[in-house]
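Chemist: the amino acid sequence is not available; the structure is as follows:
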Ligand SMILES: Nc1nc2c(ncn2[C@@H]2O[C@H](COP(=O)(O)OP(=O)(O)OP(=O)(O)O)[C@@H](O)[C@H]2O)c(=O)[nH]1
């Protein structure tokens, strides 16, 4: 009666139940496992666990099981440590990144009357849903994190994130020394582009400029949209001479790029101000102010030019 009751329950639960003996032979295999593996208990019971499941991580699992036999204490393997132990297909209709069921496995010692552990019960819980939702959540968090750093129009760093990075680079130079340069640039007569060709044309120029810029920089450099039509570039490990070379390269690239909108070629140039880190600067804002002052000079000098900041 009791045995029947146990069997009924074990075959009804929505969990895999498998019992092995100290020779690693399978003594019990419940209905959940039959359904999910497509293998009847007649084909499984009496066979060695590692022969039936060659995919199991033999050395580590053997050690785990031997520990349960010897110490008589339960142990656990979660899907977060190892996504699955047994290659059992899952029944989730939505595709996940694995064809196998994610699992939480518990290893429970089964003792005889003398208190000797002669079997271990392995309980396999299907954690595919939790695992799936967790990975969805991680993806969403990563997207949110990226969008909080990105300018919606140009898809480069937004001002907050860009300035944060400049602050970090500035602090690094302050502490450890080294080179750091900053380029600030602004589109020339951008108001006229908006006024003559429309706001959409203006937006296209901003997007294209950001894309050209990104393609020209090293991975360590960081371009960001500082304001409406003003951009900044942080150049770590770069002195003023090198930064001026970069600035001129960008200026020439924008000057020679054909910006087309509704079959019309838009006149696009930029003016740039460049400065480098020196220990007399109090903070990163001083660097921005210096690069801005040089940019202002570039505008005054007729635009489409790069100017390096000089102390008066
Ligand atoms: N299309 C578009 N225009 C913008 C955006 N942000 C700022 N602007 C425009 O950029 C223009 C900036 O104009 P000004 O500051 O007068 O400068 P400018 O015409 O570029 O002249 P200079 O800088 O002196 O060469 C303004 O007309 C703003 O409306 C944007 O996201 N999209």
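Modeler: Looks like it arrived, so ask away. These figures come from a predicted structure and were not determined experimentally. Numbers count the residues shown, from 1 in each chain.
Chemist: enumerate the residues of the stretch 51-200 of the chain near the ligand.
Modeler: The stretch 51-200 of the chain has residues 153, 186-191, 194, 199 near the ligand, with proximity defined as CB under 6 Å from any ligand atom. All C-beta spots, glycine's among them, are computed from the backbone N, C-alpha and C.
Chemist: starting at the chain centroid, how far to stretch 266-280?
Modeler: Put simply, stretch 266-280 sits 32 Å off its chain's centre (CA atoms, centre = their mean, to the nearest Å).
Chemist: thinking again about what came up before, okay if I get the residues of the stretch 51-200 of the chain next to the ligand as JSON lines plus neighbour count?
Modeler: Formatted as JSON lines, those follow (neighbours: other CB atoms under 10 Å):
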{"residue": "153", "neighbour count": "12"}
{"residue": "186", "neighbour count": "21"}
{"residue": "187", "neighbour count": "21"}
{"residue": "188", "neighbour count": "21"}
{"residue": "189", "neighbour count": "15"}
{"residue": "190", "neighbour count": "17"}
{"residue": "191", "neighbour count": "11"}
{"residue": "194", "neighbour count": "16"}
{"residue": "199", "neighbour count": "10"}
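Chemist: filter these down to the ones in strands?
Modeler: If you go by DSSP state E, these have 186-187 in strands.
Chemist: and which of the residues of the stretch 51-200 of the chain next to the ligand is nearest to residue 239?
Modeler: Using CB to CB, residue 186 is the member of these that sits closest to residue 239, with 23.1 Å.
Chemist: who's in contact with that closest one?
Modeler: 229-231, 270-271, 295, 299 (CB atoms under 8 Å, 6 or more residues apart in numbering).
Chemist: what subset of these is buried?
Modeler: By neighbour count, with 16 or more other CB atoms under 10 Å, the contacts of residue 186 hold 229-231, 270-271, 295, 299 as buried.
Chemist: going by distance to residue 143, which of those residues wins?
Modeler: Once CB to CB is applied, the member of these that ends up nearest residue 143 is residue 231, at 24.0 Å.
Chemist: just to be sure, that closest one is in a strand?
Modeler: Yes. Counting by DSSP: H, G, I helix; E, B strand; the rest coil, residue 231 is found in a strand.
Chemist: which residue packs closest to the residue in the stretch 1-150 of the chain that the ligand sits nearest to, ignoring adjacent ones?
Modeler: Nearest residue of the stretch 1-150 of the chain to the ligand, counting by CB to the nearest ligand atom: residue 150, 14.4 Å away. Take residue 150 and drop its neighbours on the chain: the residue closest to it by CB to CB, 6 or more residues apart in numbering is residue 158, 6.0 Å away.
Chemist: how close does that neighbour get to residue 199?
Modeler: 20 Å (CB to CB, to the nearest Å).
Chemist: cool, residue 163 as well?
Modeler: Counting by CB to CB - residue 163 and residue 199 are separated by 26 Å.
Chemist: now the helix ranked longest in the chain: mean pLDDT?
Modeler: In the chain, taking DSSP state H as the definition, the longest helix is helix 128-149. Mean pLDDT, helix 128-149: 91.
Chemist: then stretch 283-295?
Modeler: For stretch 283-295, the per-residue pLDDT averages 97.
Chemist: now stretch 203-212
Modeler: pLDDT averaged over stretch 203-212 gives 97.
Chemist: and what of stretch 33-40?
Modeler: 91.
Chemist: contacts for that stretch?
Modeler: By CB under 8 Å, 6+ apart, the list of residues contacting stretch 33-40 from outside reads 16-18, 29, 41, 44, 52, 86, 88-89, 91, 101, 124.
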